[in-house]
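A.B. asks: Below is the sequence, then the predicted model.
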Amino acid sequence: MTLLLIILTLIVCPDAARGDDNVRCHVVPAHEPSAAEQAYLAGNSSHAESLYREALAKSPHDARLTAGLVRSLLPQQKVEDAASTISTEPSLSPNSVPLLTAWAEVQYRQGKIREAAGTADQASKNDPCNPRVYLIRARILRLNSMYAGAR
């Protein structure tokens, strides 16, 4: 198990593997997924949305809950609702990696690729080892590479 964690760290955060002292990976301790996370992971986005909304009613402006709500809205093609949900949140938590990553995903879905790349880069600077940041950056780079010859 330890070897698997070391391999994953090397894959997800290669700068930390090189011994770069400036790279600090945020390690999220293992936890039991909430009911909303379980619904989202099970593919039930609409149920996850309602659970995230209930949780946000109890603790508004929670970055992880807001990011989870946005992630549950995107598979339902509710891009504008996701954009309106998250549009004010980054100003409240400008260095929140979950919020920045969710905002980059919304911008990507809106077709604002340059803005999404900038937001993802900002999230990557705040936490260079976050796998969701790597995923959205990979999507952006793949899209950019498709049109590289057309420039």
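C.D. replies: Looks like it came in fine. A quick note: this is a predicted structure, and the numbers were derived from the prediction, not measured.
A.B. asks: use CA for all of it now, contacts and neighbours both
C.D. replies: Will do.
A.B. asks: Quick test: name the residue nearest the centre of this protein.
C.D. replies: The chain has residue 101 as the residue nearest its centroid, 3.5 Å off, counting by CA atoms, centre = their mean.
A.B. asks: gap between it and residue 58?
C.D. replies: Counting by CA to CA, to the nearest Å, the separation of residue 101 from residue 58 is 23 Å.
A.B. asks: Give the buried residues for the longest helix anywhere in the chain.
C.D. replies: For the chain, the helix that runs over the most residues, judged by DSSP state H, is helix 131-146. Neighbour-count burial for helix 131-146, counted by 16 or more other CA atoms under 10 Å, picks out 132-134, 136-137, 139-140.
A.B. asks: Dump those residues into JSON lines; add pLDDT and distance to residue 95 as well.
C.D. replies: Listed next are these as JSON lines, based on pLDDT from 0 to 100; distance: CA to CA, whole Å:
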{"residue": "132", "pLDDT": "91", "distance to residue 95": "15"}
{"residue": "133", "pLDDT": "93", "distance to residue 95": "13"}
{"residue": "134", "pLDDT": "91", "distance to residue 95": "17"}
{"residue": "136", "pLDDT": "94", "distance to residue 95": "17"}
{"residue": "137", "pLDDT": "94", "distance to residue 95": "17"}
{"residue": "139", "pLDDT": "93", "distance to residue 95": "22"}
{"residue": "140", "pLDDT": "93", "distance to residue 95": "21"}
